[in-house]
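>>> Give the three-dimensional model of this entry:
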Amino acid sequence: MKYRLRPEDLAFLESAPFRQTCTGELQAPVGAVFDQIATHPENWPRWFTPADDVHFEGSPPHGVGSMRFFRLYRLVRAREQIIAWSPDERFAYQVHEANVPGVSALMEQWTLTPLTDTRTRVSWTLAIDGRPLVRLLLRASRRHIGRLFHDSAHRLETLCLAGAGGQVR
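Here you go, the predicted structure:
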């Protein structure tokens with residue numbers, strides 16, 4: 001991949017020039033949600049429709065420091081490094097390199113809060129620094145990003161309830 005992004009620590013989630021946090025409640029146990037988000041990247045295309053290939057590089061076990069390949073819309077490719085892995089609580093990664101210009105740093109974090117044994121609050125934060133045009137496009141896309149999160153959360157909930165082998169409608 002052609003473009004290396006700037007490494008950041010977790011404080012970037014609060015200081016990035018563009019930040020968006022989306023929150024939803026899923027009718028699924030926290031363990032099942034974490035399992036799908038963190039330990040089974042190969043299932044991401046089943047619930048996050050822009051993704052068409054997501055997988056860890058290297059052999060398990062995976063956790064902080066692991067690298068993950070992510071492809072969106074069959075066009076955008078990125079290598080991500082896991083920077084936080086707290087089972088049933090938190091999963092975060094930063095893009096290490098990508099094949100598109102304009103983004104200088106990108107980090108995402110998923111935080112999970114069990115509300116009951118079968119209900120989980122999911123919060124996703126997207127943090128990006130990039131060229132002015134990238135920031136402008138991101139600000140203009142806030143509603144679309146929110147809709148994408150909520151649609152994906154619904155499919156994620158369905159997948160969690162069906163189990164790893166279940167079909168998402």
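>>> Excluding chain neighbours, what is closest to the spatially most central residue of the chain?
For the chain, the residue nearest the mean C-alpha position is E108 (5.6 Å; Cα atoms, centre = their mean). In space, and not counting its chain neighbours, E108 is closest to L126: 5.5 Å by Cβ to Cβ, 6 or more residues apart in numbering. Every C-beta, even on glycine, is put in place using the N, C-alpha and C of the backbone.
>>> Retrieve the pLDDT associated with the one you found.
Listed pLDDT for L126 reads 98.
>>> got the contact list for the longest helix along the chain?
For the chain, the longest helix by residue count, based on DSSP state H, is helix 142-162. By Cβ atoms under 8 Å, 6 or more residues apart in numbering, the list of residues contacting helix 142-162 from outside reads 20, 22, 24, 26-29, 32-33, 35-37, 43, 46-50, 122, 124, 126, 138, 166, 168-169.
>>> Among these, which ones are in helices?
Those of these lying in helices (DSSP H): 32-33, 46-47, 138.
>>> Okay, and the beta partners of the residue nearest to E108?
Beta bridges link L126 to Q20, E108, judged by DSSP bridges.
>>> count of residues packed around it?
If you count neighbours by other Cβ atoms under 10 Å, L126 ends up with 18.
>>> Now do it against L75, distance only.
Per Cβ to Cβ, to the nearest Å, L126 is found 19 Å from L75.
>>> where does L138 land on pLDDT?
pLDDT for L138: 97.
>>> Ok, R169 next?
Reported pLDDT at R169 in the predicted model: 39.
>>> Same check on R6?
98.
>>> That one belongs to a strand?
No - counting by DSSP: H, G, I helix; E, B strand; the rest coil, R6 is located in no strand; its state is coil.
>>> returning to that earlier point: among the contacts of helix 142-162, name the buried ones.
Taking 16 or more other Cβ atoms under 10 Å as the criterion, what is buried in those is 20, 22, 24, 26, 28-29, 32-33, 35-37, 43, 46-48, 122, 124, 126, 138.
>>> Name the nearest residue to H62, ignoring sequence neighbours.
Leaving out its chain neighbours, the residue that sits closest to H62 by Cβ to Cβ, 6+ apart is F56, at 5.0 Å.
>>> Specify the local secondary structure of the one you found.
Classified using three-state DSSP, F56 is strand.
>>> Could you count how many residues lie near it?
18.
>>> Cool, thanks, talk later.
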